[in-house]
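*Asks:* got a predicted model here, sequence first, then my questions.
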Amino acid sequence: MSLPAEILDAAKAAGVMIATAESCTGGMVAVALTDIPGSSAVVERGFVTYTNAAKTEMLGVRPATLEAHGAVSEEVAREMAEGALAHSKAQLAVAITGIAGPGGSEFKPEGRVCFGLARTGHDTQTEAVEFGAIGRAKVRAAARDHALGLLRAALR
């Protein structure tokens, strides 16, 4: 069974709806989930918030957080995930913000992706993963797969 199918089955069994909040992946997690027939029973909605304005307007990410930490930060990933829960009927949300490349900086290198996982009744988890300068497509695919793994782990 594929990872997305496994997630959908586990969420269905738990009576959990899922929301996604994606920046650098541009909706790839939502696509992976909704490629599966019957996903509408579990996938509540997906937010693609590529700009800082979109993060603020759609998810309620605070401008002060963006100013203090930058879009690619665990702090913003936390607010994205919590905002996805607050602005949906989902009980589980995953958020992704990162630098897929090309480019980056000394402080925020290409391949750095921050994740947030929010679930009703649980503490929000965040983490940063350094995928390295492996190329835009590979960073985005690795970030999608990592986010799917976070969803699966949350449903176990």
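*Replies:* Here it is on my side, so go on.

*Asks:* when you work out contacts or count neighbours from here on, use the C-alpha atoms and nothing else.
*Replies:* Noted.

*Asks:* Thr120 contacts Gln91, correct?
*Replies:* Yes. Applying Cα atoms under 8 Å as the test, Thr120 and Gln91 come out as touching, 5.2 Å apart.

*Asks:* who has more neighbours out of the two?
*Replies:* Using other Cα atoms under 10 Å, the more surrounded residue of Thr120 and Gln91 is Gln91, with 19 against 14.

*Asks:* what packs against the helix or strand containing Glu79?
*Replies:* Assigned by DSSP states H and E, Glu79 belongs to helix 74-86. Where contact means 3 or more Cα pairs under 8 Å, 6 or more residues apart in numbering; DSSP states H and E, helix 74-86 is packed against strand 18-22, helix 52-59, helix 63-69, strand 92-98, strand 112-119, strand 125-130.

*Asks:* am I right that Gly104 sits in a helix?
*Replies:* No. Judged by DSSP: H, G, I helix; E, B strand; the rest coil, Gly104 forms no part of a helix; its state is coil.

*Asks:* grab the nearest non-local neighbour of it.
*Replies:* Glu110 (4.7 Å; Cα to Cα, 6 or more residues apart in numbering).

*Asks:* center of this protein, which residue is that?
*Replies:* Ala95 (2.2 Å; Cα atoms, centre = their mean).

*Asks:* for that one, list each beta-bridge partner.
*Replies:* Per DSSP bridges, the residues bridged to Ala95 are Ala21, Gly116.

*Asks:* now His122: how far from His146?
*Replies:* Counting by Cα to Cα, to the nearest Å, the separation of His122 from His146 is 20 Å.

*Asks:* those two - which one has more neighbours?
*Replies:* His146 (17 against 9).
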